[in-house]
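Trainee: my questions are about this predicted structure, shown below with the sequence.
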Amino acid sequence: MPLGAGQPALRARGRTDMSTEQPPNPGRANRAPSLCTARVLALDSAPDIIRELQRMGASSALEPAARTRLVKLDAVSASTAQALSRQMAQCGGEAAISQRAAPDAKHTTDCLLIGSTASYRRLLERLRDDQGGLRQAVDEIARALNAFEVPLGGELRCGARTLRLGARTLVMGVVNATPDSFSGDGLAGDVGAMVALGEEMTAQGADVIDVGGESTRPGSHAVDAQEEIARVVPVVAQLSKRINIPISIDTYKTDVARAALDAGAAMINDISALRADAGMAALAACACVPVIVMHMQGAPKTMQQAPHYHDLMGEIAAHLRESVDLAARAGVARDQVVIDPGFGFGKTVNHNLEIVRRLRELKSLGQPVLLGPSRKSTIGRVLDLPAQERLEGTLSVLALAVANGADMVRVHDVAAAVRAARMAEAVVRGWPGD
């Protein structure tokens with residue numbers, strides 16, 4: 001039953017017979033008390049909660065306890081999960097443990113902790129000196145909460161240029177040097193048109209231009225490295241001399257990435273998350289360029305053949321975490337790895353929509369987050385529109401992505417995307433103009 005259902009309706013207070021009514025007495029003592037009213041406040045961030053407390057003239061000591069967080073531990077030992085459950089209860093929180101594992105240290109399980117930020121603070125204080133099996137779990141809880149709560153800063157170092165993180169959502173413009181782009185904007189063979197498009201996007205406010213020479217639409221076929229190099233290198237070489245923002249190379253082939261970097265690119269966007277070519281991570285490390293790693297289930301040719309997940313966000317997060325570790329082992333600085341959940345790559349429509357709703361969860365990994373929804377088939381399915389008519393749908397998803405913590409968005413329509421991102425940021429973060 002909904003909260004409050006079954007309660008008697010309150011009668012409206014009003015005058016029923018004006019001729020017998022006495023003039024109102026302005027004295028406060030004779031006034032009927034006004035009804036108490038309640039609101040649920042849509043405040044989640046610490047600054048918003050503190051401002052509300054300040055408006056009330058109340059103590060800001062309430063702030064640490066005012067936000068509830070759900071922290072999920074994947075593959076924790078069953079005995080550790082049981083111990084955490086007991087400790088969390090003593091700190092004012094709760095825990096839910098999967099029933100699929102035996103209650104001993106030899107088995108792993110999933111554990112969901114539920115509590116206020118104050119509850120977690122008490123838990124971490126209580127267990128900070130633990131030298132037993134809880135130490136790793138406690139450290140991981142602290143790391144995840146800190147990454148989720150603290151706004152991302154720093155910068156992506158793209159050769160002589162840098163991209164500042166955290167100040168606003170960065171916009172990546174797409175230049176397709178392909179004949180078969182799903183969105184119908186492939187310009188393979190027309191270098192002048194591609195360079196002009198990159199220049200136009202730069203003028204419209206793009207922060208980085210992403211050049212790709214192989215279509216990765218569902219059902220697409222791979223092209224060999226030499227063909228891909230022939231498509232992208234002339235574009236990168238000319239663009240690098242004519243624009244003042246970084247150029248990214250969209251490829252999963254080391255040879256293509258190396259040729260593009262030699263021609264002036266300063267970022268690698270790898271849809272295989274460094275898995276397709278063993279040399280890609282080492283190349284990124286040697287060149288000292290940022291790398292974008294994307295989640296994909298399967299390969300472009302087969303990825304949309306009945307994609308299935310047991311735990312969508314958990315599997316995406318685990319895949320991306322492994323790729324960040326892979327890059328780090330090769331020598332890439334962790335703060336130079338951008339993660340992309342792969343909107344449209346091995347996902348159903350509802351998978352993609354869930355990614356957008358829950359995008360902020362990926363902030364717990366501590367990496368910059370990119371989303372690429374532009375003109376994707378999910379938007380076409382929901383709105384029943386062809387690729388060239390999906391602008392409004394793209395901008396709707398983009399605005400929600402900004403609200404949910406995206407650090408970068410990859411788009412075809414740069415001018416509209418920049419405006420939508422700036423407007424969404426003004427709503428979420430406030431506008432500095434006042």
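Mentor: It's in. Residues are numbered from 1 along each chain as shown.
Trainee: state the distance from P386 to Q304.
Mentor: Using C-beta to C-beta, to the nearest Å, P386 is found at 18 Å from Q304. (Each C-beta comes from the backbone N, C-alpha and C, glycine too.)
Trainee: A317 now?
Mentor: Distance from A317 to Q304, by C-beta to C-beta: 22 Å.
Trainee: tell me how far the helix or strand A328 falls within is from the chain's mean position?
Mentor: Take DSSP states H and E as the rule and A328 turns out to sit in helix 312-330. Distance of helix 312-330 from its chain centroid, counting by C-alpha atoms, centre = their mean, to the nearest Å, is 14 Å.
Trainee: mind listing residues that contact the helix or strand following it?
Mentor: Following helix 312-330 in sequence order, the next helix or strand is strand 337-340 (DSSP H and E). Identification of contacts with strand 337-340 by C-beta atoms under 8 Å, 6 or more residues apart in numbering yields 156, 290-295, 320, 323-324, 327-328, 362, 365, 367-372, 407-408.
Trainee: leaving out the residues flanking it, which one is nearest to G344?
Mentor: Among residues not flanking G344 along the chain, K376 sits closest, at 4.2 Å (C-beta to C-beta, 6 or more residues apart in numbering).
Trainee: and the one you found, how many residues sit next to it?
Mentor: Counted by other C-beta atoms under 10 Å, the residues lying close to K376 total 23.
Trainee: these two touch, right, it and G342?
Mentor: No: taking C-beta atoms under 8 Å as the definition, K376 is not a contact partner of G342, at 10.7 Å.
Trainee: and N269, what element?
Mentor: Per DSSP H and E: strand 267-270 holds N269.
Trainee: pairing partners for that strand, with directions?
Mentor: Applying DSSP bridges, strand 267-270 is found paired with strand 247-250 (parallel), strand 291-294 (parallel).
Trainee: export that strand to CSV, keeping only CA atoms.
Mentor: Coordinates of each C-alpha in strand 267-270 appear next as CSV, following Å, rounded to 0.1, in the frame of the first residue of the first chain:
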residue,chain,number,x,y,z
MET,A,267,45.1,10.0,-28.0
ILE,A,268,44.0,6.4,-28.7
ASN,A,269,40.4,5.3,-28.6
ASP,A,270,40.3,1.5,-28.5
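Trainee: what are the buried residues along the next helix or strand along the chain from it?
Mentor: Counting by DSSP H and E, the element after strand 267-270 in chain order, helix or strand, is helix 280-287. In terms of neighbour count (16 or more other C-beta atoms under 10 Å), helix 280-287 has its buried residues at 280-285, 287.
Trainee: what sits against the residue nearest to P307 when sequence neighbours are not counted?
Mentor: Among residues not flanking P307 along the chain, G346 sits closest, at 4.6 Å (C-beta to C-beta, 6+ apart). For G346, the contact set (C-beta under 8 Å, 6+ apart) comprises 295-298, 303-304, 307.
Trainee: of those residues, keep whichever come out buried.
Mentor: So, by 16+ other C-beta under 10 Å, the buried ones in the contacts of G346 are 295-297, 303-304, 307.
Trainee: which of those residues scores worst on pLDDT?
Mentor: Lowest-confidence member of the buried ones among the contacts of G346: M303, scoring 68 (pLDDT).
Trainee: gap between N176 and L70?
Mentor: Distance of N176 to L70, computed by C-beta to C-beta: 39 Å.
Trainee: which one of the two is surrounded by more residues?
Mentor: Counted by other C-beta under 10 Å, N176 and L70 do not tie: N176 has more neighbours, with 25 against 10.
Trainee: for G198, see how far away that one is.
Mentor: 11 Å.
Trainee: avg pLDDT for the helix or strand hosting A426?
Mentor: Assigned by DSSP H and E, A426 falls within helix 414-429. Mean pLDDT, helix 414-429: 96.
Trainee: quick one: buried residues of it?
Mentor: 414-418, 420-421, 424-425.
Trainee: chain center to the strand holding N269, what's the gap?
Mentor: Here strand 267-270 is found 18 Å from its chain centre; the criterion is C-alpha atoms, centre = their mean.
Trainee: who touches that strand?
Mentor: Taking C-beta under 8 Å, 6+ apart as the rule, strand 267-270 contacts 156, 158, 208, 210, 212, 246-252, 257, 261, 276, 280, 283-284, 289-294.
Trainee: cool, and stretch 426-434?
Mentor: Contacts for stretch 426-434 (C-beta under 8 Å, 6+ apart): 402-403.
Trainee: straight-line length of stretch 93-111, end to end?
Mentor: 13 Å (C-alpha to C-alpha, to the nearest Å).
Trainee: let me redo that: stretch 58-75
Mentor: From its first residue to its last, stretch 58-75 covers 42 Å (C-alpha to C-alpha).
Trainee: what mean pLDDT would you report for that stretch?
Mentor: 78.
Trainee: now, of the contacts of strand 337-340, which are buried?
Mentor: Here, 16+ other C-beta under 10 Å leaves 156, 290-295, 320, 323-324, 327, 362, 365, 367-372, 407-408 buried among the contacts of strand 337-340.
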